[in-house]
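Q: I would like to see how this sequence folds:
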Amino acid sequence: MNPQCGRCNKVVYPTEKVNCLDKYWHKACFSCEICKMTLNMKNYKGFEKRPYCNVHYPKTTFTSVADTPENLRLKQQSKMQSQVLYKEDFEKNKGKGFSVVVDTPEMQRIKKTQEQISNIKYHEEFEKSRMGGEAPQSPTAGYNQQPSPGYQSPTSYQPSPGFQSPTAYQPSPGFQSPTLYQPPAEPVRQAAAAPAPSPAPVPPPSAGKRFRAVYDYTAADEDEVSFADGDVIADVQQIDEGWMYGRVERTGQQGMLPANYVEAI
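A: Residues are numbered from 1 along each chain as shown. Coordinates of the predicted model:
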């Protein structure tokens, strides 16, 4: 049985049949819904199972909302309700520790500005200390202060009977004695008491403090130094509350390091 045309609802014979858009059409009936221009399989465009030409093909458009006084009032009311809820949550969470800050574009801009200011201040202080404009505070400041009451000088130490003086040790030829204080060798007990040695000299103050790393740290800039957990950092000088300058004994590298990654030995 021959099908019916999708437009005129008449019988479509095989010689004039066009099969398109899930329907059968006469060649003359297969035309645009608007301008009635005859179409073929190459230039038609289907919309809701209806043929259209390229000019009259329906195009989807966004619905625009008119900026009427009523819509403006609803917009302002929604904004006020949002601010009221924000203030209520702020008052509830105030005094309970850290408050949750909404990650708005304004907060992101403020956060970025603070990071830039912090980096600028850090680099300015580092350049001043390196160029000699503002010398960092020496870790030996206050070393020559008056001792507290009851402080006992190390020169008053008296060795136990039978202690052998380390001055009997003969160094090899060409050996250069270090200027720092060397602890005495293990005492040797003898039958007869040896004469009392001379008082040991007081060691001079070191050039910097010694710290031990408690975390691993990877340098993020050329003026910083990397270290691993347990490394000893010598000749440490305090630059500010957050940064120090020192030398890693394991690698021999020198540079800036964060103060919260190390602890004093």
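Q: beta-bridge partners for Val248, please?
A: Counting by DSSP bridges, Val248 is bridged to Ile233.
Q: Asp235 is in contact with that one, correct?
A: No: applying CB atoms under 8 Å, one finds Val248 not in contact with Asp235, separated by 10.3 Å. C-betas here are computed from N, CA, C, even on glycine.
Q: those two - which one has more neighbours?
A: Neighbour totals were compared for Val248 and Asp235, and Val248 leads with 19 against 15 (other CB atoms under 10 Å).
Q: and that one, how far is that from Phe227?
A: For Val248, the distance to Phe227 (CB to CB, to the nearest Å) stands at 5 Å.
Q: now the common contact residues for these two.
A: Here Val248 and Phe227 share the contacting residues Ile233, scored by CB atoms under 8 Å, 6 or more residues apart in numbering.
Q: ok, Cys20 touching Tyr44?
A: Yes: in this structure, Cys20 is within contact of Tyr44 by CB under 8 Å, at 7.0 Å.
Q: look at those two and report which has more neighbours.
A: Ranked by neighbour count (other CB under 10 Å), Cys20 and Tyr44 place Tyr44 first, with 21 against 16.
Q: ok, now which ones touch the more buried one?
A: Taking CB under 8 Å, 6+ apart, one finds 20, 30, 51-53 in contact with Tyr44.
Q: of the residues you listed, which belong to helices?
A: Among those, no member falls in helices (DSSP state H).
Q: can I get those in TSV with distance to Gln76 and pLDDT?
A: Formatted as TSV, the contacts of Tyr44 follow (distance: CB to CB, whole Å; pLDDT from 0 to 100):
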residue	distance to Gln76	pLDDT
Cys20	53	89
Phe30	54	90
Pro51	48	90
Tyr52	43	91
Cys53	47	91
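Q: which of those residues sit farthest apart?
A: Spanning the widest gap among those are Cys20 and Cys53, at 14.0 Å by CB to CB.
Q: okay, domains of this protein per the record?
A: According to automatic domain parsing, the chain comprises the domains 1-59, 209-264.
Q: need the ones you listed in TSV (columns: distance to Pro69).
A: Rendered in TSV, the data for the domains of the chain read as follows (distance: least, CB to CB, whole Å):
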stretch	distance to Pro69
domain 1-59	31
domain 209-264	55
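Q: which of those sits most buried?
A: Counting by mean count of other CB atoms under 10 Å, domain 209-264 has the highest mean neighbour count of the domains of the chain, with a mean of 16.
Q: for that domain, what is the average pLDDT?
A: Averaged over domain 209-264, pLDDT sits at 90.
Q: gap between the two ends of that domain?
A: Domain 209-264 has an end-to-end distance of 8 Å (CA to CA, to the nearest Å).
Q: what of stretch 211-225?
A: The first-to-last residue distance of stretch 211-225 comes to 14 Å (CA to CA).
Q: also stretch 255-265?
A: With CA to CA as the measure, the ends of stretch 255-265 fall 19 Å from one another.
Q: can you check stretch 45-52 too?
A: For stretch 45-52, the end-to-end distance is 5 Å (CA to CA).
Q: other residues contacting it?
A: Stretch 45-52 is contacted from outside by 20-23, 30-34, 39, 44, 53-54, 57-58, using CB under 8 Å, 6+ apart.
Q: equivalent analysis for stretch 252-265, please.
A: Stretch 252-265 has contacts (CB under 8 Å, 6+ apart) with 126, 209-215, 217, 219, 221, 223-227, 232-233, 236, 238-239, 241-248.
Q: between the domains of the chain, which one is nearest to Arg109?
A: domain 209-264 (23.5 Å).
Q: show me where the protein has helices.
A: 69-93, 105-131.
Q: output the below-cut-off pLDDT ranges for the stretch 1-150 of the chain.
A: Residues of the stretch 1-150 of the chain meeting the criterion pLDDT under 70: 60-63, 65, 95-102, 132-150.
Q: inside strands: which ones of the contacts of stretch 252-265?
A: 209-213, 232-233, 236, 238, 243-248 (DSSP state E).
Q: please tell me how far Met1 sits from Tyr13.
A: For Met1, the distance to Tyr13 (CB to CB) stands at 12 Å.
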